[in-house]
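Engineer: need coordinates for the following:
(one chain, ligands or ions: 2)
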Amino acid sequence: MRTALVIGTGLIGTSAALALTGRGVVVHLADHDPGQARTAAALGAGTDEEPTGPVDLAIIAAPPAHVAGALADAMRGGVARAYLDVASVKGGPRRELEALGLDLSAYIGSHPMSGREKSGPLAATADLFEGRPWVLTPTRDTDTEVLNLALELVSFCRAVPVVMDADAHDRAVALVSHMPHLVSSMVAARLENAEDAAVRLCGQGIRDVTRIAASDPRMWIDILSANPGPVADLLADVSADLDETVQALRALQSSDEAKRRAGTTGIEDVLRRGNAGQIRVPGKHGTAPATYESVVVLIDDQPGQLARIFADAGRAGVNIEDVRIEHATGQQVGLIELSVQPSAAAVLTAALRERGWAVRQ
Ligand SMILES: NC(=O)C1=CN([C@@H]2O[C@H](COP(=O)(O)OP(=O)(O)OC[C@H]3O[C@@H](n4cnc5c(N)ncnc54)[C@H](O)[C@@H]3O)[C@@H](O)[C@H]2O)C=CC1
Ligand SMILES: O=C(O)C(=O)Cc1ccc(O)cc1
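Structural biologist: Ligands and ions are numbered 1, 2, ... in the order given. Next up, the predicted model:
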């Protein structure tokens, strides 16, 4: 990738632009508020001058509700060879684009799983995405060149590509991002009218739990509006836990010893389930790649091959955690190494063989 256009130069757009500029890519910056693009340019993220011809990759980093419109305008203007968005929700924007009747072979949805509670270019950093998962949601229609440019972007930002189906992504982020965001807001909301004497005692625990509650509500209304069902289902589960925990705590206030014992059991249950969930949270840099298993496939170096293999993996219900592509010099074939969870390796191998792929032993 030599040239890129970032449309929406806030936290995410400017962070990607800084990373790309640092890798020698010529980056053009655009925002519906020209002041934001100017600020990003002043930070060294690129130039706010318009490109003179189509760039290699246009990155749409506007709020989710504006993604389809901004993408459609950019595609109709032919500003790039490939188009990618970074919105936190993937199913809705794709369906909006489909409804607009655009040719989506030059488009790929994506979502860097890294961000901050702050917005705007001044909060941006070149290393924001380092070591973090960056979800790509190619479909069978995605051109291989477009997928390759997206992989290049992820690699330039030193993130880890994870290939997923758009709706599976939306269910996953409901669990690991959207529902926790609301819970964080609800905990923080308890502090609004609390006494100063109490708030002064806040320690690291409540800082951790409430950090993301400082985010811009307008952005989160957009995100939650695009993923309401999965988030509501998860919050209903949290709500059931809350009801049981309230009952257990009330039982602890009882004068009846048996009830108090039941209360202790109830509290212990939620705390132990919390321990069991917490140990599954990967460290900042995700699960170590060493825990993945590789499935290696020989592919023809032809348009659409990569997108097809990812779509077949998605259909088999397997998430690709990482990809490495090796092109055999002078030959029309390449080797693609798909890293997956160990439990998924056999499933993926069988599913790909069934669909005619040359999976290596
Ligand atoms: N904030 C976070 O932690 C993360 C956000 N995202 C996604 O990244 C995207 C951008 O989010 P942030 O950078 O946090 O927001 P931000 O508020 O920092 O920046 C958004 C920028 O887009 C501009 N904009 C709005 N509508 C536009 C349009 N139609 N055309 C051009 N520019 C437009 C705004 O002026 C603003 O400068 C969103 O889709 C969000 O879901 C993804 C991962 C993390
Ligand atoms: O600040 C944090 O820890 C986040 O998790 C931020 C975040 C916000 C929105 C996303 O779509 C992804 C990440």
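
Engineer: number of nearby residues for the residue in the stretch 101-250 of the chain positioned nearest to ligand 2?
Structural biologist: Residue nearest to ligand 2 within the stretch 101-250 of the chain (C-beta to the nearest ligand atom): residue 115, separated by 3.2 Å. Bear in mind the C-beta positions are built from the backbone N, C-alpha and C, glycine included. Around residue 115 there are 21 other residues, counting by other C-beta atoms under 10 Å.

Engineer: let me know the secondary structure of the closest residue to ligand 1 within the stretch 51-200 of the chain.
Structural biologist: Using C-beta to the nearest ligand atom, the single residue of the stretch 51-200 of the chain nearest to ligand 1 is residue 115, 1.7 Å away. Going by DSSP: H, G, I helix; E, B strand; the rest coil, the secondary structure assigned to residue 115 is coil.

Engineer: what sits against it?
Structural biologist: 11, 12, 128 (C-beta atoms under 8 Å, 6 or more residues apart in numbering).

Engineer: could you dump the residues you listed to TSV with pLDDT and distance to residue 313?
Structural biologist: Output for these, formatted as TSV (pLDDT from 0 to 100; distance: C-beta to C-beta, whole Å):
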residue	pLDDT	distance to residue 313
11	97	31
12	98	26
128	96	28
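
Engineer: mind giving me the packing neighbours of the helix-or-strand element of the chain with minimal mean pLDDT?
Structural biologist: Ranking every helix and strand in the chain by mean pLDDT, DSSP states H and E puts strand 322-327 at the bottom, with a mean of 75. Applying 3 or more C-beta pairs under 8 Å, 6 or more residues apart in numbering; DSSP states H and E, we find strand 322-327 packed against helix 144-156, strand 160-163, strand 333-340.

Engineer: quick one: the first one to chain centroid distance?
Structural biologist: Averaged C-alpha coordinates place helix 144-156 at 15 Å from its chain's average position (C-alpha atoms, centre = their mean, to the nearest Å).

Engineer: and the stretch 151-300 of the chain, which of its residues are near ligand 1?
Structural biologist: 219, 223 (C-beta under 6 Å from any ligand atom).

Engineer: can you show me the strands along the stretch 151-300 of the chain?
Structural biologist: Using DSSP state E, counting those that start in this stretch, the strands of the stretch 151-300 of the chain run over 160-163, 293-300.

Engineer: partner strands of the last one, parallel or antiparallel?
Structural biologist: In this case it means strand 293-300. Sheet pairing of strand 293-300 (DSSP bridges) gives strand 333-340 (antiparallel), strand 358-359 (antiparallel).

Engineer: just the buried residues of the first one, please?
Structural biologist: If you call a residue buried by 16 or more other C-beta atoms under 10 Å, then strand 333-340 has these buried ones: 334, 336, 338, 339, 340.

Engineer: what angle do the helix or strand that that strand is followed by and strand 333-340 make?
Structural biologist: Stepping forward along the backbone from strand 333-340, the first helix or strand reached (DSSP states H and E) is helix 342-354. On the basis of axes from the mean of the first three to the mean of the last three C-alpha atoms, to 10 degrees, helix 342-354 is oriented at 140 degrees to strand 333-340.

Engineer: so what does helix 342-354 touch, helix or strand wise?
Structural biologist: If you count contacts as 3+ C-beta pairs under 8 Å, 6+ apart, helix 342-354 packs onto strand 293-300, helix 305-315, strand 358-359.

Engineer: quick one: which of the ones you listed is nearest ligand 2?
Structural biologist: Of all the helices and strands packed on helix 342-354, helix 305-315 comes closest under C-beta to the nearest ligand atom, at 20.2 Å.

Engineer: CA atoms of that closest one as CSV?
Structural biologist: C-alpha atoms of helix 305-315 as CSV (Å, rounded to 0.1, in the frame of the first residue of the first chain):
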residue,chain,number,x,y,z
GLN,A,305,-9.5,-17.4,-3.5
LEU,A,306,-8.7,-15.9,-0.1
ALA,A,307,-12.2,-14.4,0.3
ARG,A,308,-13.7,-17.8,-0.6
ILE,A,309,-11.6,-19.7,1.9
PHE,A,310,-12.5,-17.3,4.7
ALA,A,311,-16.2,-17.6,3.8
ASP,A,312,-15.9,-21.4,3.9
ALA,A,313,-14.2,-21.2,7.3
GLY,A,314,-17.0,-18.9,8.6
ARG,A,315,-19.6,-21.3,7.3
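
Engineer: same for it, what does it pack against?
Structural biologist: If you count contacts as 3+ C-beta pairs under 8 Å, 6+ apart, helix 305-315 packs onto helix 144-156, strand 160-163, strand 293-300, strand 333-340, helix 342-354.

Engineer: switch the cut-off to 6 Å
Structural biologist: Other helices and strands packing on helix 305-315, by 3 or more C-beta pairs under 6 Å, 6 or more residues apart in numbering; DSSP states H and E, are helix 144-156.

Engineer: pull out the buried positions in the helix it packs on.
Structural biologist: Across helix 144-156, burial judged by 16+ other C-beta under 10 Å covers 144, 145, 146, 147, 149, 150, 151, 152, 153, 154, 156.

Engineer: what of stretch 87-107?
Structural biologist: For stretch 87-107, the buried set under the neighbour-count rule, 16+ other C-beta under 10 Å, comprises 87-94, 96-97, 102, 104-107.

Engineer: which two from those end up farthest apart in space?
Structural biologist: 88 and 105 (23.8 Å; C-beta to C-beta).

Engineer: sec struct for residue 140, please.
Structural biologist: Per three-state DSSP, residue 140 ends up coil.
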